[in-house]
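Colleague: here are the coordinates; sequence isn't available:
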């Protein structure tokens, strides 16, 4: 049977009952353990969780009268659930993809509707063509069409497209928040300048009113005393001429 590759690690599966099985040593290597005993320990601690068809003992081809433990894809997935290595999560996804392809599970058009909707949202957010958006998904998951995606890949593809859309929306929102802050600062400065102008004008008006009052008081005092009727008439005539000249 052909080999499998997980993160540049070559695995040599066995075909038992027309299914893919991995040895404890291969499983340990894929999950980042130094020795296969780590897999044996995980199994022994959780043996009651493994059902028929998940693991079995077979003859060791390298040692006569010795047995080795192998795990089916479902068994490998369960081992990875108990594992706490940094690659365990990615290995579980990888196993599910292999399992989906093995059993021939395909997604339906209805299953793919959320992905198409997510791609439409991405096209609107990034203002790119649909062909570009679909190519991003194809390249990400190594397929030529979204109908080739396995069920687990489909869910991952939806999350991937949503993350791209969310990044674009966050950047768009940040831009408008910055525009709002800058505009608020500009308007505040303009209002402060206008307030200063109005305050200065108000102070000037107060001074003018005060001066006018003093002039009226002075005139009043002079009228109370005595005015030369001839000089008073000349003053009025002078003022009238000045107003007339201004009108011209």
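Modeller: Yes, it's here. Every value quoted in this text rests on a predicted model; they were computed, and no experiment measured them.
Colleague: Pull up the gap between residue 123 and residue 116, please.
Modeller: Noted for residue 123: a distance of 11 Å to residue 116, by CB to CB, to the nearest Å. Bear in mind the C-beta positions are built from the backbone N, C-alpha and C, glycine included.
Colleague: Give the residue spans of this protein that score low on pLDDT.
Modeller: Along the chain, segments meeting pLDDT under 70 span 1, 102-106, 168-178, 210-227, 243, 246-248.
Colleague: and it, what are its domains?
Modeller: 4-103, 113-180, 186-247 (automatic domain parsing).
Colleague: now the strands: where do they sit in this structure?
Modeller: 4-6, 9-11, 14-16, 19-23, 55-59, 67-72 (DSSP state E).
Colleague: so can I have JSON lines of the ones you listed showing distance to residue 101 and mean neighbour count?
Modeller: Below are the strands of the chain laid out as JSON lines (distance: least, CB to CB, whole Å; neighbours: other CB atoms under 10 Å):
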{"stretch": "strand 4-6", "distance to residue 101": "11", "mean neighbour count": "15"}
{"stretch": "strand 9-11", "distance to residue 101": "15", "mean neighbour count": "14"}
{"stretch": "strand 14-16", "distance to residue 101": "15", "mean neighbour count": "12"}
{"stretch": "strand 19-23", "distance to residue 101": "10", "mean neighbour count": "21"}
{"stretch": "strand 55-59", "distance to residue 101": "21", "mean neighbour count": "14"}
{"stretch": "strand 67-72", "distance to residue 101": "15", "mean neighbour count": "19"}
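Colleague: Could you give the number of residues near residue 163?
Modeller: Neighbour count for residue 163, taken as other CB atoms under 10 Å: 12.
Colleague: ends of stretch 45-59, how far apart?
Modeller: Its first and final residues considered, stretch 45-59 spans 23 Å by CA to CA, to the nearest Å.
Colleague: How about stretch 134-150?
Modeller: Using CA to CA, the two ends of stretch 134-150 sit 16 Å apart.
Colleague: buried residues in it?
Modeller: The neighbour-count check on stretch 134-150 (16 or more other CB atoms under 10 Å) flags 134, 136-138, 141, 146, 149-150 as buried.
Colleague: Closest one of those residues to residue 111?
Modeller: residue 149 (9.0 Å; CB to CB).
Colleague: The closest one touches residue 157, doesn't it?
Modeller: Yes. Residue 149 is within contact range of residue 157, at 6.0 Å (criterion: CB atoms under 8 Å).
Colleague: hey, where'd the helices end up in the protein?
Modeller: 24-31, 37-45, 73-82, 88-103, 113-126, 130-141, 151-225, 229-247 (DSSP state H).
Colleague: Dump those helices into CSV; add distance to residue 5 as well.
Modeller: As requested, the helices of the chain are exported to CSV (distance: least, CB to CB, whole Å):
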stretch, distance to residue 5
helix 24-31, 10
helix 37-45, 19
helix 73-82, 15
helix 88-103, 9
helix 113-126, 26
helix 130-141, 16
helix 151-225, 17
helix 229-247, 98
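Colleague: how about residue 73, what does it touch?
Modeller: By CB atoms under 8 Å, 6 or more residues apart in numbering, residue 73 lies in contact with 19-22, 95, 98-99, 102.
Colleague: That one - nearest residue in space that isn't next to it in sequence?
Modeller: residue 99 (4.5 Å; CB to CB, 6 or more residues apart in numbering).
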